[in-house]
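Undergrad: Following is a predicted model, sequence given first.
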Amino acid sequence: MNELIEKAREALQFSYSPYSDFSVGAAVLCSDGSVFTGCNIENASYGATVCAERVAMWKAVSEGRRDMKAIAIVCKADQFPMPCGMCRQVMAEFMPDGDVYVARNDEVKSFKVCELIPHSFELEN
């Protein structure tokens, strides 16, 4: 978990967040041990903005990984960076039994994806 959080902190430096000034970094761990990182990327057209969590997960998927088991999320602010609803739904798609770590300074909270989005859309829906 600590290594994954550190990878998320490294990704934080690449955040492009001039509109909100809320920088976020994420790192996703796949079952084969590979790690993919992402940062939030904002846009003047807010709908084109993308969260760090989805950037990391999409990078994993674009490299052929669909077996994610954990994600770490960090931000520069002094708060826990809880994932938004869209990110929770993407987590439910690719890591339904996965662990979510949110870190604030040296404090870490841990959740299961199913705790964050208990009634997600599924393939059957």
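TA: Yep, that arrived.

Undergrad: From now on I want contacts and neighbour counts done on CA atoms only, so please keep to that.
TA: OK.

Undergrad: Need the nearest residue in space to F111, chain neighbours excluded.
TA: In space, and not counting its chain neighbours, F111 is closest to V100: 5.1 Å by CA to CA, 6 or more residues apart in numbering.

Undergrad: chain center to the host helix or strand of that neighbour, what's the gap?
TA: For V100, the host element (DSSP states H and E) is strand 99-104. Here the centre of strand 99-104 is set off from its chain's centre by 9 Å, with CA atoms, centre = their mean, to the nearest Å.

Undergrad: Please name the strands paired to that strand in the sheet, noting orientation.
TA: According to DSSP bridges, strand 99-104 has the following sheet partners: strand 68-75 (parallel), strand 107-112 (antiparallel).

Undergrad: out of those, nearest to G33?
TA: strand 68-75 (9.4 Å; CA to CA).

Undergrad: List the buried residues of whatever helix or strand comes next after that closest one.
TA: Using DSSP H and E, the helix or strand that follows strand 68-75 in sequence is helix 85-94. By 16 or more other CA atoms under 10 Å, the buried positions in helix 85-94 come out as 87-94.

Undergrad: what's the nearest residue to the residue at minimal distance from the centre of the chain if we skip its chain neighbours?
TA: Nearest to the mean C-alpha position of the chain, by CA atoms, centre = their mean, lies E53 at 2.4 Å. Sequence neighbours aside, A26 is the residue nearest to E53 in space, at 5.4 Å (criterion: CA to CA, 6+ apart).

Undergrad: Show me the beta-bridge partners of the one you found.
TA: Bridge pairing for A26 - DSSP bridges - gives G38, I73.

Undergrad: Now the spatially closest residue to A44 that is not a sequence neighbour: phi and psi?
TA: Spatial nearest neighbour of A44, excluding adjacent residues (CA to CA, 6+ apart): Y19 at 7.5 Å. According to degrees, to the nearest 10, the main-chain angles of Y19 amount to phi -90, psi -40.
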